[in-house]
Every structure is written in structure tokens, then in C-alpha cells.
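> Compute the structure for the input listed below.
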Amino acid sequence: MKTDCTFELFLNGTWQSVGSMALLTSSTQGWQGATYLGYAVDHAIHYADCRDAKALSWTFPVNLTPLRSPHWPGFIMDLLPQGYGRLELLRQLGLTERAETHADWALLMAGAGNPIGNCRVREAHDWLQTRNTTATKGFNLADIAHRGEGFADYLATHGLFVAGSSGVQGEWPKLLLTENHAGQFFLDHTLPDTEAKQHWLVKFARGQDPHLNEILTLEAAWMELARLLGLRVHGKLQRQERALFIPRFDREPTPAGLQRHAQESLYALCQCSGFGARLSHNTAVTALAKAVTNPMTEIVEYLKRDIANVVLGNKDNHGRNTAIQRREKGWVGLTPLFDFAPMVLHPDGIARSMRWEADDHGTPDWRSAIRQAAEAAQLPLAPLQQAVTAVAPMLATLPNAMRHLGIPPHTVERFAPACRDAATQLENCR
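As a prediction, this is how the structure comes out:
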């Protein structure tokens, strides 16, 4: 079995081989096994010390010094399929759905050929191409939204049986689709960049569970509430029947051609490997402040997102649901908001996973949280507090905004008290 892989980055409009990783222990150890990574000499010389899109990770700047790690670095975990994507790919590989770490290497070598961001594993891309044996075929919006027979049959020829995607992580079945200029949608990896108009991540309703379907139904409205709060929000989410079309922000069509922006989760930035890692907001803010181009702007955004998560019940705030974007010209900052939905409605019950290290028992003391963030980021408290508390008036208007968006009255009443309480608490901090 092959025990090394090649990393490619999309830079200057082309895929380029930039480095490699070799396993130092048995592949059956999965992400827990030791590794040896290094950049290609030409890349290391040309882009020495870069941490932006030209690096595999902000934590692994471009240089000639190899990296020995006792486990897989965090950025590789971002490439590894999870959730529905993992289960689906395990089936395609003929492995049991219960396979754990011993399957990680096989999943990486097959599932990291077309991930979010600008980094891929060459061997996984090659494997993906061997599966692409049928003619490229586009579908209209209705075919996809209804999961029509022709669309389902076409997915099956690519080994996609539950409308999921081996390259996407998460709770709901998802697909990466690309829309051409004629309004037809294609599996992302099958349409040439030159023919692409827009790139989408599509979430599909899962079964008949009313709670899960309600969460998916509300996600587009929740993103508009975030926009009203002044958070960094990308394009408008579009609900079509039991499918949610989400415009991607890691892809950007430009006059010079398509750009793929590097994306790295908080877990990767904080060098957390494995699954279910524990991460505090304090640790995340410290890492963010060191990495981003404008620490004050990004930490204000980070705090406002946490307020929005608490007020609007997005308890699924783990370190893979927040990420940084690294651009070719050097800018590093938080990506636009994603996976923002009322996960408090989830039937399994989800605990708020990331918390502040003090004064946070589910609903934080916001004065304390702002102070902790200032200390963690080494930022002056007064301007940080002033910028964050400025969101208070918008919070107070959220219940009315919900009504204008057509959110059911019982849902509005459920979240209205938290909106009022947070607004009052932040007003008292000013």
C-alpha cells in the first residue's frame, strides 16, 4: 500500500504540486499515526515564509524545514470527509460504515480530491477521475430540488446514493454543485472552471424528522438575521423544496479566471487533531489574533458571532464550524459565516461545545467574555467593548425581523426573550 501523498495548491490559476506527506507508522493508526511533511524545494524557495494561500496551513509556513508530527496535522483533518460524506465514501471503498481510525488513510486518499478551499491530495484527485467514466451531465433546479429519478440515477453512477458528497463534512446530506452560464447544475468536479458561473453547496432534507427539517427550513432566514446584525455574510441562501442552495465563498470567479481561496478551520489553526477535540474561545481568540491581518476587526466579528449563536440557538459551535480564509495576496481573516442555524431544535439535544473559560455556563456574561477576548488577543479593552456592544440595538429588533421574514410565531416567541436579554446586558456594558 502506498504510504505517502502529494499536496497540490491552486495558485495563479493552476493546480501546483507544493509538498508531500509520508506516514512514519502503520496506516491503520489513521490520524493518530506519526507523519513527515515537507514542501517541494522550488515552492519553498519561491514562497519562503508565506502563511497565506501559498502555504498548506497557517501553522506550517512555507520553508525548507520538514515537519515531523506525532499525529496528522490539523489541516489534514479538514481534508478528511466526515458525517454523511464519510459514511458514503466508506461504502464506495467497500468498508464498513463503523470503520474508525484504521480507515482514515484510505478516506484521505480517495476523499480529498475536491475539498473546500485551495488544497487537494493529488492521489485523491486521480482516484476521483477514475470514477468519472460517464458523460458530463447537467440538471435543472427542479431536478435537484426534487431529487428526480434522472438526477438520482446519475448520482448513483458516481457512487453517490444518498445525495451526499464524499468531499463535504457535516450533519445533512450535501453536494458540491457548479452552475454553468445556461443555468444547468453539474457535480462540481465534472465541470471545467472556464464554464462555471457560480459554485454551490447544496444541503438536502434528511428523512422525515420534523425537527431536522425545521432547522434546514430556518437556516436561510437565520443567515438573514445574521446579516441584519452586521455579521460577515456571503450570498443569499436559496430554499428550493427540500433542498437549500448555499453560494460558496471559497470560490470566486474573476475576469482573470476562477480563484480558490484557502480555508482552514479553527481546529486546524489551533492545531487540534482528531475528532471531538475540546477548544475554548480563549484559545481560539489567541490563535486568531496571531494569524489574521486585522486582529481588532476579526475579534469583534468573532464575539458578535458568539452572541448571535447564543441568542439564536446555534449550539453546534465546534471548531470546524468557524474557519479562516487565506488569500493569495496575503490577507487572512475569518471566512463569511456558515452553518448558522437554530441547532437548539435538534432532536438529539446539542450542547454548546465552545465556551469561554470563565463566567460561561451556557449563556455567557458578555462583559466578562469581552474582557477575556481582549486579554487573549492582547487588544485594548475599551475600543473592543465599544465595537461589540454596538450590536445591542440590532439584537432588540430581531423578533420583529423574524416576523417580517415569515418565521412562525411560536418560533419567534421561543427566541425573543434571549434577544431582549442579550440586548439589555450589552447596553449595560456600554
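
> pLDDT-wise, which helix or strand of this protein ranks last?
When the helices and strands of the chain are scored by mean pLDDT, DSSP states H and E, helix 149-157 comes last with a mean of 72.

> What strands line up against the next helix or strand after that one, and which way round?
Counting by DSSP states H and E, the element after helix 149-157 in chain order, helix or strand, is strand 174-180. Strand 174-180 has the following strand partners under DSSP bridges: strand 185-187 (antiparallel), strand 196-204 (antiparallel).

> Can you tell me how far the spatially most central residue of the chain is from residue 267?
Centrality entry for the chain: nearest residue to the mean C-alpha point is residue 321, 5.4 Å, by CA atoms, centre = their mean. Per CB to CB, to the nearest Å, residue 321 is found 10 Å from residue 267. Quick note: C-beta positions are derived from backbone N, CA and C, even for glycine.

> burial count for the residue lying closest to residue 364 once chain neighbours are set aside?
Take residue 364 and drop its neighbours on the chain: the residue closest to it by CB to CB, 6 or more residues apart in numbering is residue 356, 5.4 Å away. When neighbours are defined as other CB atoms under 10 Å, residue 356 has 22 of them.

> I figured residue 101 hits residue 25, correct?
No: in this structure residue 101 lies outside contact range of residue 25 using CB atoms under 8 Å: 11.6 Å.

> Contacts only, for the closest residue to residue 331 other than its chain neighbours.
Distances taken as CB to CB, 6+ apart place residue 293 nearest to residue 331, at 5.2 Å, with adjacent residues excluded. Taking CB atoms under 8 Å, 6 or more residues apart in numbering, we find residue 293 in contact with 330-333.

> can you pull the contacts of residue 31?
Residue 31 neighbours (CB under 8 Å, 6+ apart): 71-72, 76-77, 80, 101, 104, 273-274.

> Which among those count as buried?
Using 16 or more other CB atoms under 10 Å as the burial test, the contacts of residue 31 include 71-72, 76-77, 80, 104, 273 as buried.

> Looking at those residues, spot the one nearest residue 418.
residue 77 (32.5 Å; CB to CB).

> What is the burial count for residue 410?
Neighbours of residue 410 (other CB under 10 Å): 7.

> Repeat that for residue 366.
If we define neighbours as other CB under 10 Å, then residue 366 has 24 of them.

> Against residue 117, how distant is residue 251?
On the measure of CB to CB, residue 251 and residue 117 end up 10 Å apart.

> Show me where the stretch 101-250 of the chain dips below the pLDDT cut-off.
Scanning the stretch 101-250 of the chain for pLDDT under 70 picks out 133-135, 148-149, 156-172.

> Now do the strands in the stretch 151-300 of the chain.
Secondary structure of the stretch 151-300 of the chain, counting by DSSP state E, counting those that start in this stretch: strands at 174-180, 185-187, 196-204, 238-240, 243-247, 251-254, 257-260, 262-265.
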